[in-house]
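A.B. asks: 3D model of this:
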Amino acid sequence: MGPVDREESRKVRTLKRAAAGAIPVITGYMVLGVAFGVLLRDAGYGILWALLMSCLIYAGSLQFVLIPLMTGGVSILSAALVSFLVNARHLFYGISMLVRYRDMGRAKPYLIFSLTDETYALVCGGAPEGTDEKLYFLLVSLIDQSAWVLGSLLGCALGAVLPFDTAGIDFAMTALFIVIFTEQVLTAKDRFPAAAGIGLSLLCLLIFGKEAFLIPSMALIFGVLTARGAWEERKRKEAEGP
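C.D. replies: Take a look at the predicted model:
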């Protein structure tokens, strides 16, 4: 097999691994996208709104939150503040991916934009062995967003012709995150990050209350994991010796 054939084989393998790894997210995003589309249609907004919001905003929890904000006539400043608070956790996602995404070239802006909770869960551990890392990150991001866009369009279309009881449907995003988190905990070799996340979040919830615990807890989690990473790196260097 020549170099060209090997490269093509590697790209095919990367596509297969990206698609297989994204299956849980695809399934969840299709369901959640439909839920979002139904709620959006129920609020009086058409399929063009679903397309624009899912392509340009692409933030599941924020999109759900924006529906009552849009129908309630809040100011742009209030909407911007809510958007920042809801998505502030992505600042920490981005910081943790700075090194991994530094050589991504033209794809870098899109990879940063498309770093949702679930996509982050798939890419934070790196690409599978034997795959093209850059292509893997890009494919996972594109596949995940495509599923979300398709689901939201389908939900908006169905909401126009079928009656839906939308009570409780906005809990779907929370349910997906719990499922993905549980799967990550069960399959991870190192459960310290999960334990730190749960423990520090509960601590901040007790101290700051449910309205203000998110930012402090994310800051603490980032600080603890960064410190632990530095400590492990120092221990590794000491073990290797001069």
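A.B. asks: secondary structure class for Glu129?
C.D. replies: coil (DSSP: H, G, I helix; E, B strand; the rest coil).
A.B. asks: what's the per-residue pLDDT of it here?
C.D. replies: pLDDT, Glu129: 81.
A.B. asks: what's the local residue count around it?
C.D. replies: 6 (other CB atoms under 10 Å). To be clear about C-beta, it is placed using only N, CA and C from the backbone, and glycine gets the same treatment.
A.B. asks: for the one 3 residues further on, same thing?
C.D. replies: Using other CB under 10 Å, Asp132 is surrounded by 18 other residues.
A.B. asks: how about it, phi and psi?
C.D. replies: phi -80, psi 110 (degrees, to the nearest 10).
A.B. asks: ok, now which ones touch it?
C.D. replies: Counting by CB atoms under 8 Å, 6 or more residues apart in numbering, Asp132 touches Arg10, Lys11, Thr14.
A.B. asks: ok, it to Ala121 distance?
C.D. replies: 20 Å (CB to CB, to the nearest Å).
A.B. asks: please apply the same query to Val65.
C.D. replies: From Val65 to Ala121 the distance is 21 Å (CB to CB).
A.B. asks: so Glu211, which of the three states?
C.D. replies: Going by three-state DSSP: Glu211 is coil.
A.B. asks: lowest-pLDDT helix or strand in this structure?
C.D. replies: helix 172-187 (a mean of 67; mean pLDDT, DSSP states H and E).
A.B. asks: any idea which helix or strand comes after that one?
C.D. replies: Where DSSP states H and E defines the elements, the next helix or strand beyond helix 172-187 is helix 192-208.
A.B. asks: please name every helix or strand in contact with that following helix.
C.D. replies: Packed against helix 192-208, as judged by 3 or more CB pairs under 8 Å, 6 or more residues apart in numbering; DSSP states H and E, are the following elements: helix 172-187, helix 214-240.
A.B. asks: in the helix or strand harbouring Ile143, which residues are buried?
C.D. replies: Element membership of Ile143 [criterion: DSSP H and E] is helix 133-161. Buried residues in helix 133-161, defined by neighbour count with 16 or more other CB atoms under 10 Å: 134-145, 147-157, 159.
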